[in-house]
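# I need the structure of the sequence given here:
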Amino acid sequence: EATGDTFEEWMVAFSDQDGAGQREAAELLAHLGIGHTHLFRHQAVWDVLVQELAGEGLVRALEVLLLGVSTGEEAYTALMELGTRLGLENVSALGVDINPRSIARAIRGEYPARAAEHVPSWAMDRYLEPKDDGFVVRDAVRRRVRFLSGSLFVVPAGGQFDLVLLRHVLIYFRPPERRRALDRAAGLCREGGLLV
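Model (predicted):
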């Protein structure tokens, strides 16, 4: 606010920077973000989504976009939930977050034990393996997810996703920016796609 920029303007400027400026902004982001997430967060939402998408009788691949994906737990949850119903080979995901540190952790797919406190036993046995004092997401799932560091306003794709998740992100915006974020997310949906 001291610069007169909106958060959206600052995020876009951040993603266009390189070198020292981007490192400094990334350091600031590491302190600003809440960073609280875990696998299978809000199970009731996933139950409804899986029912809705599986009920469509999808025969083609399902592409999922997660905006503000933080450290990747929601992206992996999407693959486990949807992949179990539709076949893992039929689901792929792209996770985007402005914090490069969060994206680096998401790519590794390694989490402490507390991140799995809500994971159902079927998913734990099938998709996760123990590692040190936590676990790692198995390669079969990690291969189906790509992660990008950048602002949701500059995602390099348009109209190609069946499901766009914009959860726990709008709290960072003021009302006019929320509207632009929702418009941007809706514009990334295929015709007939779902925005959550």
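
# element containing Thr37, please.
Assigned by DSSP states H and E, Thr37 belongs to no helix or strand.

# quick one: it and Glu73 touch, right?
Yes: contact criterion CB atoms under 8 Å: Thr37 and Glu73 qualify, at 4.8 Å. C-beta here means a position set from N, CA and C on the backbone, and glycine is covered the same way.

# any residues in contact with both of these two?
Listed contacts common to Thr37 and Glu73 are Ala115; contacts here mean CB atoms under 8 Å, 6 or more residues apart in numbering.

# could you check how many residues crowd around Leu152?
Neighbour count of Leu152, defined by other CB atoms under 10 Å: 25.

# equivalent analysis for Pro100, please.
Neighbours of Pro100 using other CB under 10 Å come to 19.

# in the chain, which spans are helices?
Ranges of helices in the chain, per DSSP state H, are 7-16, 19-32, 43-54, 73-86, 100-108, 121-127, 139-142, 175-187.

# where does the residue most central in space within the chain fall, phi/psi-wise?
The residue lying closest to the centre of the chain (CA atoms, centre = their mean) is Val69, at 2.8 Å. The phi and psi values for Val69, taken as degrees, to the nearest 10, are phi -80, psi -10.

# apart from its neighbours in sequence, what residue is nearest it?
Gly95 (3.4 Å; CB to CB, 6 or more residues apart in numbering).

# and the residue nearest to the centre of the chain, what pLDDT?
The model reports Val69 with a pLDDT of 93.

# and it, how far from Ala93?
For Val69, the distance to Ala93 (CB to CB, to the nearest Å) stands at 9 Å.

# so what sits against both of those two?
Common neighbours of Val69 and Ala93 (CB under 8 Å, 6+ apart) are Ala75.

# is it correct that Glu81 is in contact with Glu52?
No: judged on CB under 8 Å, Glu81 makes no contact with Glu52 at a distance of 11.8 Å.

# of Thr37 and Glu73, who's got more company?
Glu73 (25 against 19).

# what's the separation between the more buried one and Gly109?
Glu73 sits 9 Å away from Gly109, taking CB to CB as the criterion.
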